[in-house]
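# Quick one: sequence plus predicted model below, questions after.
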Amino acid sequence: MGDIDTSNTIQRGRENQARLTEALRPSYDFIVCGAGSSGSVIARRLAENVAVQVLLLEAGGSDDAESVLNPALWPTNLGSERDWGFQAEPNPHLNGRRIPMSMGKGLGGGSSVNVMVWARGHKSDWEFFASEAGDARWGYESVLGIYRRIEDWQGTPDPAYRGSGGPVWVQPASAPSPLALAMLDAAGELDIPVFDHPNGRMMEQAGGAAITDMLVRDGRRHSLYRAYVHPWLDRPNLTVLTGALVQRVVFQGTRASGVELVHGGRTMTIGARTEVVLSLGALQTPKVLMHSGIGERRELERFGIPVVQNLPGVGRNLQDHVSFGCTWALSEPLAPRNSGSEATMYWKSRPDLDAPDLLFCQVEFPVPSERTALRGVPQHGWTMFAGLAHPESRGRLRLQSADPTAALEIDANFLSDARDMTTASACVELCRALGNATAFRPFVSGEAMPGEVKGEDLDTYIRDAAVTYWHQSGTARMGRDDMSVVDATLRVYGTSGLRVADGSIMPRVTTGNTQAPCAIIGERAAEMMREDHGL
């Protein structure tokens, strides 16, 4: 069965971690950087071997806070100390707007501040990963087996697709709002199929609609850190150090030998006898790689950073799901339930596609951008938070200084590819058809935005409304060409003792929320490391 924290285990864990962090070792067998959706998985799986000493480093702090554990309070973490607070550069394709790009900072990373959605990705995503990697173990059938193994599914049994007894407690949104049920009915009106859950047959074909799967247990957030690491804190071979900002990987030649970090205002170096794993997310991981001398030679030399390995793909291929909120006014107040997002849908912008290219999350309150908020937001309303599941636009990250504490330049480049604007127009039209369907008439007094807009006015709305889904990925991608950063085993090309395992290795962003695929990336990384080192 999945791990269950008892009060005794929790107390032992606190006391154990106080001892371990008080007396840090000069070196560990493995150093995992980042306690998020991938790093938490890796640290736990490695530490399952009692002979291995694992150090898990996290720049942020504890996850023991009501804003984290209460599913309804997730928006309060945005812009807080639990958010890295990244900001993209002004984008001419968004009418000059700068987009905030929140990422989780603290134990659990994104899985402690996100909307708790468990979305596995589409079959075609994993087949693409396998093709790019040249390794069938990244393919759908293999990944489906991992999902079944790690889940503790609480919905209607579906043994072909769902697992039980794993560490990850997954349940359908509990007692969903009438708005969520209305969305499923509206999908049916548009001949979009409705499924019992969104993580089985629905993501092997054209898509469909379903009640959202969530990482919520007994009414509390069940982050991947809580699922994997929290029950393991009392073990003598796993040290979890918070407030530890990793600045660079330390090398002996091209072999990673440790990391340089800042903790308690002091810069220190801790050695890694076997491997260093970067699981810092798609913005921080390439930043640390570049400060470590891994990246495009010309960019590194610009700041006098000694080049360890010339990999021009580091920081390129930045992708994210971009969303355009469409909002309706409610005829009377209807309090959000659970996380306030309980129904999901994936569908196609064109009938000739063989997989969905649109992503829909219903949100039970208004979610305007800073620009569309000026159009007037209803006091009581709901939003179809919908966008591009497979954007064509690609962004780039650049250093602005040799100083590891200096901000990264983030050129998100949303909507720079004209094909994305075409798909976005189809997305907004489908949103409007859903929200104006008969199913919503008992709850809605009218469409607040965008309304009947066409041509240039629709383009303006899309560029003004565009916001991130917070699914940044792709900036240290797995593959076999000159722009790839890691191979099929997630080793960084041209180095030894260094892997990347987080959303940055995705060759393309998966269809849907990225938390569950990042858990798979963590499981695959740990599996390969244990094989390589006979653990």
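Arrived safely.
# dump the residue contacts of Asn338.
Asn338 sits next to Pro71, Ala72, Ala173, Ser174, Pro176, Met214, Val216 when contact means Cβ atoms under 8 Å, 6 or more residues apart in numbering. C-beta: built from backbone N, CA, C; applies to glycine.
# hmm, 7 Å instead?
By Cβ atoms under 7 Å, 6 or more residues apart in numbering, the contact list for Asn338 reads Pro71, Ala173, Ser174, Met214, Val216.
# Which of those are buried? Put it as a PyMOL command.
The PyMOL command for the buried members of these (criterion: 16 or more other Cβ atoms under 10 Å) is given here:
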select buried, resi 71+173+214+216
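# could the contacts of Asn338 go into TSV alongside distance to Asn317, pLDDT and secondary structure?
Shown next, in TSV, are the contacts of Asn338 (distance: Cβ to Cβ, whole Å; pLDDT from 0 to 100; DSSP: H, G, I helix; E, B strand; the rest coil):
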residue	distance to Asn317	pLDDT	secondary structure
Pro71	32	96	helix
Ala173	33	97	coil
Ser174	38	96	coil
Met214	30	98	strand
Val216	33	97	strand
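# and which of the contacts of Asn338 is nearest to Arg316?
Met214 (33.3 Å; Cβ to Cβ).
# Quick check: that closest one vs His93, distance?
From Met214 over to His93 the distance is 33 Å, taken as Cβ to Cβ, to the nearest Å.
# How about Thr460?
In terms of Cβ to Cβ, Thr460 sits 12 Å off from His93.
# can you pull up the bridge partners for Leu278?
Beta-bridge pairing of Leu278, defined through DSSP bridges, involves Cys33, Val500.
# and Pro92, how many neighbours?
12 (other Cβ atoms under 10 Å).
# Now do it, the pLDDT please.
What the model reports as pLDDT for Pro92 is 98.
# go on, Ser7?
79.
# Report how many residues lie close to it.
Look at Ser7: counted by other Cβ under 10 Å, it has 7 neighbours.
# re earlier: using CSV, lay out the contacts of Asn338 together with distance to Glu58.
Listed next are the contacts of Asn338 as CSV, based on distance: Cβ to Cβ, whole Å:
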residue, distance to Glu58
Pro71, 22
Ala173, 29
Ser174, 30
Met214, 24
Val216, 22
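# Please say which of Thr460 and His93 ends up with more neighbours.
Between Thr460 and His93, counted using other Cβ under 10 Å, the more crowded position is His93 (19 against 14).
# thought the more buried one was touching Leu415?
Yes. Between His93 and Leu415 there is a contact at 4.3 Å, judged by Cβ atoms under 7 Å.
# Which neighbours do these two have in common?
Arg463.
# residues of stretch 448-457 that come out buried?
Ala448, Met449, Pro450.
# Am I right that Leu46 is in a helix?
Yes. Under DSSP: H, G, I helix; E, B strand; the rest coil, Leu46 falls within a helix.
# mind listing what it touches?
So, once contact is read as Cβ under 7 Å, 6+ apart, Leu46 ends up touching Phe30, Val52, Val54, Ala526, Met529, Leu535.
# Go again with 10 Å.
Shown in contact with Leu46 (Cβ atoms under 10 Å, 6 or more residues apart in numbering): 29-30, 32, 52-54, 56, 237-238, 274-275, 277, 525-526, 529-530, 533, 535.
# Could you report the distance from it to Ser111?
19 Å.
# Which ones among the contacts of Leu46 map onto helices?
Members of the contacts of Leu46 lying in helices (criterion: DSSP state H): Ala525, Ala526, Met529, Arg530, His533.
# a markdown table for those, including pLDDT, distance to Gly134 and neighbour count?
Listed next are those as a markdown table, based on pLDDT from 0 to 100; distance: Cβ to Cβ, whole Å; neighbours: other Cβ atoms under 10 Å:
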| residue | pLDDT | distance to Gly134 | neighbour count |
| --- | --- | --- | --- |
| Ala525 | 98 | 17 | 29 |
| Ala526 | 98 | 21 | 24 |
| Met529 | 98 | 19 | 23 |
| Arg530 | 98 | 21 | 15 |
| His533 | 97 | 23 | 14 |
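# Export these to a markdown table and append columns for distance to Met421.
Shown next, in a markdown table, are the ones in helices among the contacts of Leu46 (distance: Cβ to Cβ, whole Å):
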| residue | distance to Met421 |
| --- | --- |
| Ala525 | 36 |
| Ala526 | 40 |
| Met529 | 42 |
| Arg530 | 46 |
| His533 | 48 |
